[in-house]
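Undergrad: Coordinates only, no sequence provided:
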């Protein structure tokens, strides 16, 4: 327990140091960089201690958002940190306005603090937490009740996101056949009803109940028994497959009942408008950034093989509306004949094609085409599909009518309630290494859980996947 408090104190100190670094960066940029590009009045050299009041403003938002009390997954923490940056900047400007000291403080420095923080703050804080967790200063011991399929899923989730800082001490289960065995190195112990004893003996902080098949009366008794023994209890209900992002609890106090409120974000026109505006702004920016590479790729394709540089194919868009999906041509012009010949003479290739609609060693692909696919540069022309409104930056895979009829079937109506995307969940979840049914499941999950932050996370993860060439084909 002492280690845990020490970790929080060190994290607080690092936050103070980080704010100081951000402030110094902002002052340096205002004083030494911006005057070379824009006309600014001469910067008045003020000692940084003049900004002392900025620190409590920022730190109060850190505390308000639970950054010293709650545990966040990696992307949730980044989201909260960016939220803190925005409200801290607004808070500082409010102090300037209410205190009538706007003329004494460089407002450019305050804005620069916010801009610099979007990159520096998550970078320093997340890596600091990773180090403190590695030193066992921010770890929380957790006991998982239930060593079945759900328990295994939870263990994998906790191990995958180390930012949560959970250290799984063990499993408890009532099945005698599982006792003494291990799941990914974690031992299974006997007796769910012995949880209180393990909590006291092993200094367990958190308990996860992963027994969706448990009888209702026993489950309530178990929760009430352990509620005041552990710091937190996380119950995993038997409601897999529904939307989770944005889902909230509704309380009915007199009836002592709770309900899950599942929101339909796609039913709100403002959300669709926000998504379209986000797509438009980002796509225009990317077209300008990649203008020269786009021109160079066109030339290389024309030199490497005969045929047009841009290939288009009919795909199904939102609400079953067909459109022409653009890509850089990565195959020879007689690709269909080559494919038919290969599938006819190679049973293994035929099986791979029927499962994934892709081939790892595809003889139809040109030399430059292979490079474009591995780097995902072949999909850059789809930015123009986004500008036309046929596609989105993030969404389900753009598929053919044949794929919908053969694989999606009744799932298609839900899946394509949003425009198809250049990237999506399947691209950041193994991409071509995932089977077709799993891709459909990921597309459905995306539509059920859609929000703008999910789009931002997928775009950021796509950059990492492309740079690492993970699952590229």
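TA: The structure has been received and is ready for your questions. Every value quoted in this text rests on a predicted model; they were computed, and no experiment measured them.

Undergrad: is it fair to say residue 429 lies in a strand?
TA: No: applying DSSP: H, G, I helix; E, B strand; the rest coil, one finds residue 429 to be coil, outside a strand.

Undergrad: what's the nearest residue to it once chain neighbours are set aside in contact with, if anything?
TA: In space, residue 429 comes closest to residue 442 once its chain neighbours are excluded; the distance is 5.9 Å by C-beta to C-beta, 6 or more residues apart in numbering. Backbone N, C-alpha and C define where each C-beta goes, glycine included. By C-beta atoms under 8 Å, 6 or more residues apart in numbering, the contact set of residue 442 is 424, 425, 426, 429, 434.

Undergrad: Of these, which is the nearest to residue 146?
TA: residue 429 (25.6 Å; C-beta to C-beta).

Undergrad: The closest one: neighbour count?
TA: 19 (other C-beta atoms under 10 Å).

Undergrad: what ranges do the strands span in the stretch 1-150 of the chain?
TA: 140-145 (DSSP state E, counting those that start in this stretch).

Undergrad: Hmm, residue 30 and residue 108 touching each other?
TA: Yes: under the criterion of C-beta atoms under 8 Å, residue 108 makes contact with residue 30 at 5.1 Å.

Undergrad: More neighbours: the two, which one.
TA: Neighbours were counted for residue 108 and for residue 30 using other C-beta under 10 Å; residue 30 has more, 20 against 17.

Undergrad: Now that we're looking at the more buried one, what pLDDT does it have?
TA: pLDDT recorded at residue 30 is 83.

Undergrad: quick one: it from residue 82, how far?
TA: 22 Å (C-beta to C-beta, to the nearest Å).

Undergrad: now residue 350
TA: Distance from residue 350 to residue 82, by C-beta to C-beta: 48 Å.

Undergrad: Ok, residue 280 next?
TA: 21 Å.

Undergrad: More neighbours: the two, which one.
TA: Just comparing residue 280 and residue 82: by other C-beta under 10 Å the higher neighbour count belongs to residue 82, 17 against 14.

Undergrad: wait, the more buried one sits on residue 122?
TA: Yes: contact criterion C-beta under 8 Å: residue 82 and residue 122 qualify, at 7.4 Å.

Undergrad: quick revisit: out of the contacts of residue 442, give me the one that has the most neighbours.
TA: residue 425 leads the contacts of residue 442 on contacts (other C-beta under 10 Å) with 26 neighbours.

Undergrad: where's residue 189, which helix or strand?
TA: Element membership for residue 189 (DSSP states H and E) is strand 186-190.

Undergrad: can you pull out the helices in the stretch 151-300 of the chain?
TA: With DSSP state H, counting those that start in this stretch as the criterion, the stretch 151-300 of the chain has helices at 195-202, 216-226, 269-289, 291-304.

Undergrad: could these go into a markdown table alongside distance to residue 69 and mean pLDDT?
TA: Below are the helices of the stretch 151-300 of the chain laid out as a markdown table (distance: least, C-beta to C-beta, whole Å; pLDDT from 0 to 100):
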| stretch | distance to residue 69 | mean pLDDT |
| --- | --- | --- |
| helix 195-202 | 20 | 90 |
| helix 216-226 | 20 | 90 |
| helix 269-289 | 30 | 93 |
| helix 291-304 | 46 | 93 |
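
Undergrad: can you put those in CSV and add distance to residue 405?
TA: Below are the helices of the stretch 151-300 of the chain laid out as CSV (distance: least, C-beta to C-beta, whole Å):
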stretch, distance to residue 405
helix 195-202, 51
helix 216-226, 43
helix 269-289, 27
helix 291-304, 32
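
Undergrad: To residue 186, which of those lies closest?
TA: Of those, nearest to residue 186 by C-beta to C-beta is helix 195-202, at 12.9 Å.

Undergrad: Give me the contacts around that closest one.
TA: 141, 143, 145, 169-170, 172, 189, 204, 207, 222, 225-226, 229-230.

Undergrad: hmm, try it at 6 Å
TA: With contacts defined as C-beta atoms under 6 Å, 6 or more residues apart in numbering, helix 195-202 is touched by 143, 169, 172, 226, 229, 230.

Undergrad: who touches residue 248 in this structure?
TA: By C-beta under 6 Å, 6+ apart, the neighbours of residue 248 are residue 261.

Undergrad: For it, list each beta-bridge partner.
TA: The partner list for residue 248 in beta bridges (DSSP bridges) reads residue 261.

Undergrad: And the lowest mean pLDDT element among the helices and strands of the chain?
TA: helix 347-356 (a mean of 68; mean pLDDT, DSSP states H and E).

Undergrad: which is the next helix or strand following it?
TA: Next along from helix 347-356, by DSSP H and E: helix 367-375.

Undergrad: So for that following helix, what gets flagged as buried?
TA: Using 16 or more other C-beta atoms under 10 Å as the test for burial, helix 367-375 gives 368, 369, 371, 372, 373.

Undergrad: Can you check what angle separates that helix from helix 291-304?
TA: 140 degrees (axes from the mean of the first three to the mean of the last three C-alpha atoms, to 10 degrees).

Undergrad: so how far is helix 367-375 off the chain centroid?
TA: 27 Å (C-alpha atoms, centre = their mean, to the nearest Å).

Undergrad: number of nearby residues for residue 121?
TA: 25.

Undergrad: ugh, wrong one, I meant residue 39
TA: 6.

Undergrad: Same question for residue 63.
TA: 13.

Undergrad: how near is it to residue 129?
TA: 16 Å.

Undergrad: Repeat that for residue 79.
TA: 15 Å.

Undergrad: Show me which of those two is the more surrounded one.
TA: Counted by other C-beta under 10 Å, residue 79 and residue 129 do not tie: residue 129 has more neighbours, with 23 against 17.

Undergrad: Now do the same for the more buried one: its pLDDT.
TA: pLDDT, residue 129: 94.

Undergrad: Residue 154 reaches residue 212, doesn't it?
TA: No: contact criterion C-beta atoms under 6 Å: residue 154 and residue 212 do not qualify, at 11.1 Å.

Undergrad: of these two, who's got more company?
TA: The neighbour count for residue 154 versus residue 212, taken as other C-beta under 10 Å, is higher for residue 154 (21 against 17).

Undergrad: Quick check: nearest residue in space to that one, chain neighbours excluded?
TA: Looking at residue 154 with C-beta to C-beta, 6+ apart, the closest residue is residue 210, at 5.0 Å.

Undergrad: What is the neighbour count of residue 137?
TA: 20.

Undergrad: ok now do the residue nearest to it when sequence neighbours are not counted, which residues does it touch?
TA: Once flanking residues are discounted, residue 137 sits nearest to residue 7: 3.2 Å by C-beta to C-beta, 6+ apart. By C-beta under 6 Å, 6+ apart, the contact list for residue 7 reads 132, 137, 138.

Undergrad: could you redo the last one with a cut-off of 8 Å?
TA: 132, 135, 137, 138.

Undergrad: leaving aside the residues next to it on the chain, what's closest to the last one?
TA: Which is residue 138. Nearest one to residue 138, counting by C-beta to C-beta, 6+ apart, is residue 7 at 4.0 Å.

Undergrad: now that neighbour: how far from residue 147?
TA: 29 Å.

Undergrad: again with residue 14
TA: In terms of C-beta to C-beta, residue 14 sits 37 Å off from residue 147.

Undergrad: list the buried ones in stretch 303-316?
TA: In stretch 303-316, counting by 16+ other C-beta under 10 Å, buried: 304, 307, 311, 315, 316.

Undergrad: Cool, thanks, signing off.
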